[in-house]
Structure formats: C-alpha cells, structure tokens
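Enquirer: structure here, sequence nowhere to be found:
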Ligand SMILES: O=c1ccn([C@@H]2O[C@H](COP(=O)(O)O)[C@@H](O)[C@H]2O)c(=O)[nH]1
C-alpha cells in the first residue's frame, strides 16, 4: 500500500482550501435525545452519518470522539469505522480523538489500530497522551511517519484540572506542558510546509505567552463553544502561531442538528468567525 503524503502537508492544503475549522463528532446521549434519536446503535449511526453527510465535504477536519462510540461496544466501533471511511471518502481529514497512551510495547498496538494504513480504523491523525513519558510514544511516531499519518499530543489541555499535571515544574525549571511542546518542536524540525506531530492546546487557556508554541506542527485547539472559548479569543491565546491552529468545535455545532442545513449553517458561522479572527493578526 503506497504511503500517503505526510499528514502535516495534507493538513496545510486542507486548511488553505477549506479553512482550519475542525468539527467534532461527539454523539453525547443528551445530543441523541435532542435530535429525537434513541440512545442505541441506530441512534448512534443516524447521528454520525448525518454529521458526515452535512460537513465532510466542507470542513478541513472531522474529529470523532471515540469514547462515544466505544460506549456501544463492538457495534459502536463498527459505526466508528464506517464514519471514518465515509468522512475520508468525502474529503475530510479525520483526527481520531482516542487519547491513547501506554508503555511503548502496548503503544505499538494502539498505533497499529489507528495508524496502520490497512487498519479498519485508520485515521489521518490520532490524539495521544504523553503522560507515560514522551518516549513511550515512539512506536506511534514511527508508524505515523511510515503511513503518512500524524499525532496530536496532549500538551496543555482545555480542562481546568489539567494544570495539576501540565503546569508541574520539573527539576530543570521547565513545566511539563512546555516540555511536551519542546519534544514536538524537535520532532517537526525542518519539516515543510508543516510537521505532522501536533500539540493539543486548549482555546480556553488565556495568555500563553510564557510558552513556546512554535512547534512547526499543527495545534489542535478544543474548548470553543460549549467550554466557553470563542473564535475571537484565538489570536490572544495563540499569537504568532495562529496560522497553524486547528480550532475545534463539537457541541457548539452539533446542538444545531439534526437538520443538515442547520448543521452546515452553524459550522459556516464558526468558520467565518474564525476567518475574521485570524485576519486580525
Ligand atoms: O484538551 C482537550 C482535549 C480534547 N478535548 C475534546 O474535544 C472535544 C470538545 O468538545 P466540545 O463539545 O466542543 O466541548 C471533546 O471531544 C473533548 O473530549 C477537549 O475538549 N479538550
């Protein structure tokens, strides 16, 4: 199977063509109910198919949240596989939000699941947790390079609890989040137009000027909409690396379903607000 062009290059093209917005596919039980769907496999399938049909040919990135599919066991995973396949076929890049992380030998198996080209769950990129040590991600980095896929490494997450780990100061005086960013900068050194190894940095975090966000890779920025951040916050949070930011909105768009036109309109509104915010820098 021929390798894909590296994820960073494919993402840069998609962002240039479609704008940087990433919409989540997060089938919360409450959203299924709001959409008039049952909290069962048929409801999950209808929800996911509707989001893909509405958005996969207009946004750069779709980000299924694996947890909401895993909740339904093997049949939920089957829906996830189909959603990934259909979203990619319609032209969206798929970031699988599964936040995997384990000792290296187990990490290798997670990587096989999501980053091997012929895996049923192959995704353009995977979210991973580096909190067993950045080095534990090595098998995923190696397979992503081989397949033309990417990773998004949790660096500074959008939730208020993240600080107790990510702001912890190491013996060398640098905090843990900053250390992850430094690892990513090394990983992406020399890559053009964009490295394939991104960071997750919450849009909710306010002033991050004490961090070096210039990792030469994409920055996935969740937290817009339901968690309180807005597109207008992005320039203040991300400053000079704004061009590499992939803003994520999940519930803020999904709450407008199940009407396809309403989902598209909501996504377009966020995309336009993001365009305007990015143009200020
Ligand atoms: O730091 C993080 C990392 C991941 N997420 C995920 O993004 C979406 C956000 O959903 P909203 O409905 O827009 O709040 C969700 O899947 C999270 O698991 C995050 O929020 N923060």
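Expert: Structure received. Every value quoted in this text rests on a predicted model; they were computed, and no experiment measured them. Numbers count the residues shown, from 1 in each chain.
Enquirer: switch to C-alpha atoms for all contacts and neighbour counts from now on
Expert: Fine.
Enquirer: hey, where'd the strands end up in the protein?
Expert: Under the criterion DSSP state E, the chain contains strands at 22-25, 61-64, 93-100, 125-128, 150-156, 197-201, 219-221, 245-249.
Enquirer: sheet partners, orientation included, of the last one?
Expert: Looking back up the chat, that one is strand 245-249. strand 22-25 (parallel), strand 219-221 (parallel) (DSSP bridges).
Enquirer: quick one, which of those gets closest to residue 77.
Expert: Ranking these by proximity to residue 77 (CA to CA) places strand 22-25 first, at 13.6 Å.
Enquirer: now that closest one: mean pLDDT?
Expert: Taken as a whole, strand 22-25 carries a mean pLDDT of 98.
Enquirer: so what touches that strand?
Expert: 48, 51, 59-65, 246-251, 253-254, 267 (CA atoms under 8 Å, 6 or more residues apart in numbering).
Enquirer: the helices in the stretch 51-200 of the chain, which residues?
Expert: For the stretch 51-200 of the chain, the helices defined by DSSP state H, counting those that start in this stretch occupy 66-70, 73-89, 104-115, 138-147, 163-166, 176-187.
Enquirer: can I get those in CSV with mean pLDDT?
Expert: Output for the helices of the stretch 51-200 of the chain, formatted as CSV (pLDDT from 0 to 100):
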stretch, mean pLDDT
helix 66-70, 98
helix 73-89, 98
helix 104-115, 98
helix 138-147, 98
helix 163-166, 96
helix 176-187, 98
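Enquirer: gap between residue 234 and the ligand?
Expert: Relative to the ligand, residue 234 is positioned 14 Å away (CA to the nearest ligand atom, to the nearest Å).
Enquirer: which residues touch the closest residue to that residue other than its chain neighbours?
Expert: When the adjacent residues along the chain are set aside, residue 234 lies closest to residue 203, with 6.5 Å between them (CA to CA, 6 or more residues apart in numbering). Applying CA under 8 Å, 6+ apart, we find residue 203 in contact with 158, 221, 222, 223, 224, 229, 230, 233, 234, 237, 247.
Enquirer: residue 203 and residue 175, how far apart?
Expert: 19 Å (CA to CA, to the nearest Å).
Enquirer: report the distance from stretch 268-276 to the chain centre.
Expert: Relative to the centre of its chain, stretch 268-276 is centred 18 Å away, using CA atoms, centre = their mean, to the nearest Å.
Enquirer: typo on my end, it should be stretch 25-37
Expert: In terms of CA atoms, centre = their mean, the gap separating the centre of stretch 25-37 from the centre of its chain is 20 Å.
Enquirer: can you list the residues of the protein near the ligand?
Expert: Taking CA under 6 Å from any ligand atom, the part of the chain that reaches the ligand is made up of 26, 65, 157-159, 202, 222-227, 249-252.
Enquirer: now a PyMOL select for only the buried ones of these.
Expert: Those of the residues of the chain next to the ligand that count as buried under 16 or more other CA atoms under 10 Å are selected in PyMOL with:
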select buried, resi 26+65+157+158+202+222+223+224+225+227+249+250+251+252
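Enquirer: count the residues that sit near the closest residue in space to residue 3 that isn't next to it in sequence.
Expert: Distances taken as CA to CA, 6+ apart place residue 147 nearest to residue 3, at 5.2 Å, with adjacent residues excluded. Applying other CA atoms under 10 Å, we find 22 residues neighbouring residue 147.
Enquirer: my read: residue 147 touches residue 114, true?
Expert: No - Residue 147 lies out of contact with residue 114 (CA atoms under 8 Å); the separation is 10.5 Å.
Enquirer: now do the residue of the chain found nearest the ligand against residue 163, distance only.
Expert: Nearest residue of the chain to the ligand: residue 157, at 3.3 Å (CA to the nearest ligand atom). Using CA to CA, one gets 8 Å for the distance from residue 157 to residue 163.
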